[in-house]
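Visitor: Got a predicted model here, sequence first, then my questions.
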Amino acid sequence: MGGKSLVRCRCVCKTFNTEISTPYFIRLNLQYTAAYNGNRLLILPVEKRGQSAVLGFNLDDRLSHESPLLVTPYLVYIFGSCNGLLLCYRACSHLLSLHNPINGNIKYIDIDKIDNSFFSSLGFRFDETHNDYKMVAIWENYDFSQDQQPERTVKVYSVMEDTWRITEYNYKIRVKDILDGCCSGVLIGNSLLHWMFWCPLSNRRHRIGCFDICSETWISDVVLPDYYYNSTECWIYLLEIGELDGRLCCSLENKIESCFDVWVMEEYGVKDSWTMLLSIPVIDDSLLGGIVAVARVGCEVLVKHRDGCELWWYNIREKTMADSAFTSRPHVTPLV
């Protein structure tokens, strides 16, 4: 049953309202929906005629029309989604909020500062162990002109407790690498958030760091394909990591063969399970930045420009690129 239908059912009687509002019922309904509804929602924040909105497009039904999820007086960025909730960020005023598009509820969240600076990246997920929604924020401070190691702080926000807390051994820790870009954490499984880090002072190589939102600690890094490590002088460059149908994926720029390679980890944590999904030749000097989704009908993948604001459909069979008419920073979530 869809979210809007459930909201209407709450008005039937007090018993329905109480039962539908329990965490157990909500979790059960979401699990059922995820299992039997394979459709995916492409979420795009847009500005049209002086008005801002967050639109949803059904990726698996090209004939469906856009669906407005939110209408706001300001442009927001989507840093994550979970169980139908959207984590939104308004950069101009540093406003962070959780939106429920079904009932219109909004929860505003105060953002902590460290040394008068705001976070560098965010991750968002539901912690099933503690029955709580959590956000992970990463702060970084560095000045390479002073020949100093970067400084990193990690905080976790609990929606249930409405507080930020510093995780153990993660306050202003001296590190050797920094986040590559202000991207949101990539979720794999129920509790593992991933970020790309790179070391600009030494070998300029990347690594994939993994944070367990249940234990609130960093765990072992995810090893990249041998294909990446075997390259010398950075001819193979890690552009982006992401999630495809529940699997960790990475996008690599191959400067030797002038192509864009996408690898998928078929079995999480197993290095030998990295498999090349496809290789896209550079067409018209297009600067590809990552893969967004794979079409379940036909032979197309949705890819984005390196600046994140243009999306194209790439036809694997014909090796052609077509404009998707989508222009914004995308976020893909199960349609619930």
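Guide: Now that the structure is in, tell me what you want to look at.

Visitor: quick one: strands adjacent to the host helix or strand of residue 195?
Guide: Here residue 195 sits within strand 192-198, counting by DSSP states H and E. Its sheet considered, strand 192-198 pairs with strand 178-179 (antiparallel), strand 186-188 (antiparallel), strand 206-212 (antiparallel) by DSSP bridges.

Visitor: The shortest one - what's its average pLDDT?
Guide: Mean pLDDT, strand 178-179: 86.

Visitor: With the second one instead?
Guide: Along strand 186-188, the predicted confidence averages to a pLDDT of 87.

Visitor: same question, stretch 74-92
Guide: Stretch 74-92 shows an average pLDDT of 80 in the prediction.

Visitor: Which positions in that stretch come out as buried?
Guide: By 16 or more other C-beta atoms under 10 Å, the buried positions in stretch 74-92 come out as 75-90. C-betas here are computed from N, CA, C, even on glycine.

Visitor: Just those residues: which are in strands?
Guide: 77, 78, 79, 80, 81, 82, 85, 86, 87, 88, 89, 90 (DSSP state E).

Visitor: State the distance from the fifth one to residue 43.
Guide: Meaning residue 81. 7 Å (C-beta to C-beta, to the nearest Å).

Visitor: still on that earlier bit, restricting to C-alpha, output the strand holding residue 195 in CSV.
Guide: Provided in CSV are the C-alpha atoms of strand 192-198 (Å, rounded to 0.1, in the frame of the first residue of the first chain):
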residue,chain,number,x,y,z
LEU,A,192,27.7,1.0,5.8
LEU,A,193,28.4,4.5,4.4
HIS,A,194,31.3,5.0,2.0
TRP,A,195,33.3,8.1,0.9
MET,A,196,36.2,8.7,-1.5
PHE,A,197,39.4,10.0,0.0
TRP,A,198,42.6,11.0,-1.8
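
Visitor: For the ones in strands among the buried residues of stretch 74-92, work out which two are farthest apart.
Guide: 82 and 90 (19.3 Å; C-beta to C-beta).

Visitor: re earlier: now, among the ones in strands among the buried residues of stretch 74-92, which is nearest to residue 222?
Guide: Within those, the smallest distance to residue 222 is 19.0 Å, found for residue 80 (C-beta to C-beta).

Visitor: Bridged to that closest one, which residues?
Guide: Counting by DSSP bridges, residue 80 forms beta bridges with residue 87.

Visitor: these two touch, right, it and residue 87?
Guide: Yes - with contacts counted by C-beta atoms under 8 Å, residue 80 reaches residue 87, the gap being 4.4 Å.
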